[in-house]
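S.K.: Fold the following.
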Amino acid sequence: VQLLESGGGLVQPGGSLRLSCAASRFTFSSAVMSWYRQAPGKERELVATIYSGDGYTKYEDSVKGRFTISRDNAENTVYLQMNNLKPDDTAMYYCYAKVRSLGRLYDYWGQGTQVTVSS
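M.R.: Sure, this is the predicted structure:
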């Protein structure tokens, strides 16, 4: 299983970024996909989740209305569109997949992509 994030970088407050996570070697369309983030000195926190099937989404309160998670099952990719970024959004962002295989659940993580919001 491979999860490869991209799209991070340095952006000014109020700016936007779109993170991408390209997945391979598992049945992406049936996986629950999430984005987590971890700021220096803080615990890793769940930012957004998108389910398989109907594509139901959930968001952490501080990003509601600013971030949008989406998925393209044909491209095996999950996205995180981040608008109106704030300095508190500065963190390493990680792609996460929960995959069911042969009746068991497996957790997979990407290596992360750094997002820095600063003027």
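S.K.: May I have the beta-bridge partners of the residue most central in space within the chain?
M.R.: Taking CA atoms, centre = their mean, the centroid of the chain lies closest to Trp35, which sits 2.5 Å from it. Counting by DSSP bridges, Trp35 forms beta bridges with Ala48, Cys95.
S.K.: Please renumber the chain so that the first residue is 24 from this point on.
M.R.: Yep, numbering from 24; the last one is Trp58 now.
S.K.: I'd guessed it sits against Val70; true?
M.R.: Yes. With contact defined as CB atoms under 8 Å, Trp58 counts as touching Val70 (4.5 Å). Backbone N, C-alpha and C define where each C-beta goes, glycine included.
S.K.: Mutual contacts of those two, please.
M.R.: Common contacts of Trp58 and Val70 (CB atoms under 8 Å, 6 or more residues apart in numbering): Leu103, Tyr116.
S.K.: for the protein, what are the low-confidence residue spans?
M.R.: Along the chain, no part satisfies pLDDT under 70.
S.K.: Tell me where it has strands.
M.R.: Taking DSSP state E as the criterion, the chain contains strands spanning 25-29, 32-34, 40-47, 55-61, 68-73, 80-82, 90-95, 100-105, 114-124, 127-132, 136-140.
S.K.: winner for burial among those?
M.R.: Highest mean neighbour count of the strands of the chain: strand 100-105, a mean of 22 (counted as mean count of other CB atoms under 10 Å).
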